[in-house]
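*Asks:* let me see the structure of the following:
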Amino acid sequence: MELDNIEQLLEKYFEATTTLAEEKLLKAYFSTNRVAPHLKEYQPIFAQLEKAKNESFKRPFQVKQKSNHFKWVSVAAAVILFFGIYFMQPKNDPLENEYTQEEIASAQEALKLLAFNFDKGTQQISYLQEFEKNTNKFLK
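*Replies:* Okay, here's the model as predicted:
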């Protein structure tokens, strides 16, 4: 019965659904010499996990300070970016200076009508292509 339990726990472990207590049971089982022969392949995994848990970095770690030059270049780039965004925004719509709202609305309506008719035309072309394909079948 214990072997079935271990196999179920292994499945749960590899699906990442085990609890800490269940993982502790698996580690304890695989640290013994009573591991079933068909489960021996998993023993090095748990041995390495135990070994990695006890490892630590012994050498001192020093972070190199970046130069002030880099800091100031990044600050200058950010300032230039903000000024560019601010000054590149249009203050008002250039179309409003040349055309009235009625003229803009009628142009938009004409473009909508053109788009609608264009869609109808492309639909007709697809019918024409289908017709041509079918007639070519009969002609061959």
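*Asks:* could you measure from residue 84 over to residue 77?
*Replies:* According to C-beta to C-beta, to the nearest Å, residue 84 and residue 77 sit 10 Å apart. Every residue, glycine included, has its C-beta placed from N, CA and C.
*Asks:* please pull out the lowest mean pLDDT helix or strand from this structure.
*Replies:* Least confident helix or strand of the chain, by mean pLDDT, DSSP states H and E, is helix 94-98 with a mean of 67.
*Asks:* let me see the confidence value for residue 109.
*Replies:* We have a pLDDT of 91 for residue 109.
*Asks:* so how far is residue 100 from it?
*Replies:* 14 Å.
*Asks:* before we move on, what about residue 15?
*Replies:* With C-beta to C-beta as the criterion, residue 15 and residue 100 are 67 Å apart.
*Asks:* is residue 17 in a helix, a strand, or coil?
*Replies:* Here residue 17 is coil, with the state taken from DSSP: H, G, I helix; E, B strand; the rest coil.
*Asks:* how about it, phi and psi?
*Replies:* phi -120, psi 10 (degrees, to the nearest 10).
*Asks:* residue boundaries of the helices in this protein?
*Replies:* For the chain, the helices defined by DSSP state H occupy 2-14, 20-30, 43-54, 68-88, 94-98, 101-139.
*Asks:* distance of residue 44 from residue 125?
*Replies:* When C-beta to C-beta is the yardstick, residue 44 and residue 125 sit 66 Å from each other.
*Asks:* just residue 33 next, same as before
*Replies:* Computed as C-beta to C-beta, the residue 33 to residue 125 distance reads 78 Å.
*Asks:* do the same with residue 49
*Replies:* Here the criterion is C-beta to C-beta. By it, residue 49 lies 65 Å from residue 125.
*Asks:* which one's more surrounded, those two?
*Replies:* The neighbour comparison of residue 49 against residue 125 (other C-beta atoms under 10 Å) goes to residue 49, with 13 against 10.
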